[in-house]
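Engineer: predicted model and sequence below, questions to follow.
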Amino acid sequence: MVRSMGKDPYGDELARLDTLPNYKNGAFENLAERADSTIKSKWLFLRSHPETVRPSQALPWVKTDLKTLPAPAPTVVWFGHSSLLIKTGQGNILIDPIFSNHAGPVPGLITAFKGTTNYHAADMPPIDVLIISHDHYDHLDYRTLVKLKDRIKMAVVPMGVGSDLVYWGFDRKKIIELNWSQSTTLPGGLQITATPAQHRSNRSYSKENKTLWASYVIQAGQYRLFYSGDSGYGPHFKQIGKQYGPFDLALLECGQYSPNWPWTHLWLGQSAQAAVDLQARMLQPIHWAKFEEANHPWNEPIEKLLPAAEKAGIQVNVPRIGEPYTLGNPPMKTIWWDFD
């Protein structure tokens, strides 16, 4: 077995999952039923494979010393795709890190765009909490995590994902597994709540939904952030906004949508509507600008999002890779993606 594929829950861990209300017949379930046929017919106009699925030149990036980064308010650094460092007064948060520059069980399957490979595990400061949204390879990266393992104080993951981390050498006592609507408060005061997402999980084609997927509400002092993980659009965004909002910043997926998986990702301008539902004051797009995982132009997600957000009255923050953004500052609006 390829070690990077991880290990599904078994034994007592599997028996524990069997008691959960959202785990039925050996798999986790979404809140809503799939709507594949409805959405598929609506979006089949998309080009099958445009030449611009990968950028023609290296993406611009900013070199930031992450170990001396000041944080008068929560400061967010994006590394492309969905990898984020959030420095707060209550601790450093690292979300879905992938610094091995490919997304898959072995190197070379899905390679990173040029300009997105300048940050590495060694650049990270001590991590008070690692947050993982689900077990897909572009969010749960074996090669990155084994390098970071000894500098991570605690990991917060969805139900079942702890089995992968234990298999890779993490101390079970330093892993907190959450089901939707469960919260944990860490020693520094960070409060993290797992919330629903509309997605799926698998690290092999033969086994699906053996572990949970989640979005997260992050409370850091007076600031409240939302991280979507991967999720299609659904009523859960409005429910989360009503229960936990408003949010100072919503980090929302924007990209890798396809008629082949129409219900598991936000489409085109849907990130803007999700931000409205969440009662977010500002939106920052993630899940784009690093990997070719769907057949749309690499910069189409941001070009479709901006007019949708303007129409919805939502501010959008679009930093370059590695460029820190501190909550409370004006959004970053430099158009750095204006090339094929």
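Structural biologist: Arrived safely.

Engineer: I figured Lys207 hits Asp8, correct?
Structural biologist: Yes: with contact defined as C-beta atoms under 8 Å, Lys207 reaches Asp8; the gap is 6.2 Å. (C-beta placed from N, C-alpha, C; glycine too.)

Engineer: which one of those two is surrounded by more residues?
Structural biologist: Comparing Lys207 with Asp8 by other C-beta atoms under 10 Å, the one with more neighbours is Asp8, at 21 against 13.

Engineer: wasn't that one part of a strand?
Structural biologist: No: looking at Asp8 with DSSP: H, G, I helix; E, B strand; the rest coil, it is coil, so not inside a strand.

Engineer: so what's it up against?
Structural biologist: If a contact means C-beta atoms under 8 Å, 6 or more residues apart in numbering, then Asp8 has 14, 160, 163, 207, 210-211 as its contacts.

Engineer: least confident pick among the residues you listed?
Structural biologist: In terms of pLDDT, the lowest of these is Lys207, showing 87.

Engineer: sec struct for that one, please.
Structural biologist: Secondary structure assignment for Lys207 (three-state DSSP): coil.

Engineer: quick check: it vs Thr111, distance?
Structural biologist: 25 Å (C-beta to C-beta, to the nearest Å).

Engineer: can you show me the helices along the chain?
Structural biologist: For the chain, the helices defined by DSSP state H cover 12-17, 36-43, 142-148, 162-167, 236-244, 270-278, 300-312.

Engineer: who are the packing partners of the last one?
Structural biologist: On a contact count with 3 or more C-beta pairs under 8 Å, 6 or more residues apart in numbering; DSSP states H and E, helix 300-312 meets helix 270-278, strand 282-286, strand 315-316.

Engineer: repeat that for 6 Å
Structural biologist: Packing partners of helix 300-312 (3 or more C-beta pairs under 6 Å, 6 or more residues apart in numbering; DSSP states H and E): helix 270-278.

Engineer: now the helix it packs on, how far from the centre of its chain.
Structural biologist: Centre-to-centre, helix 270-278 and its host chain are 16 Å apart (C-alpha atoms, centre = their mean, to the nearest Å).

Engineer: pull the residues that contact it.
Structural biologist: Residues from elsewhere that reach helix 270-278 (C-beta atoms under 6 Å, 6 or more residues apart in numbering): 226, 233, 237-238, 241, 245, 247, 250, 252, 254, 283, 305, 308-309, 312, 314.

Engineer: for the record, mean pLDDT for that helix?
Structural biologist: Averaged over helix 270-278, pLDDT sits at 98.

Engineer: tell me the angle it makes with helix 300-312.
Structural biologist: For helix 270-278 against helix 300-312, the angle by axes from the mean of the first three to the mean of the last three C-alpha atoms, to 10 degrees is 40 degrees.

Engineer: may I see the buried residues of helix 270-278?
Structural biologist: 270-278 (16 or more other C-beta atoms under 10 Å).

Engineer: deepest of the helices of the chain, which one?
Structural biologist: helix 270-278 (a mean of 25; mean count of other C-beta atoms under 10 Å).

Engineer: touching stretch 84-91 from outside, list them.
Structural biologist: Applying C-beta under 6 Å, 6+ apart, the external contacts of stretch 84-91 come out as 69, 71, 74-78, 93-95, 128, 188-190, 220-221.

Engineer: how about a cut-off of 7 Å?
Structural biologist: For stretch 84-91, contacts defined as C-beta atoms under 7 Å, 6 or more residues apart in numbering pick out 66, 69, 71, 74-78, 92-95, 124, 128-129, 186, 188-190, 220-221, 251.

Engineer: among these, name the buried ones.
Structural biologist: Among the contacts of stretch 84-91, the ones that count as buried by 16+ other C-beta under 10 Å are 66, 71, 74-78, 92-95, 124, 128-129, 186, 190, 220, 251.
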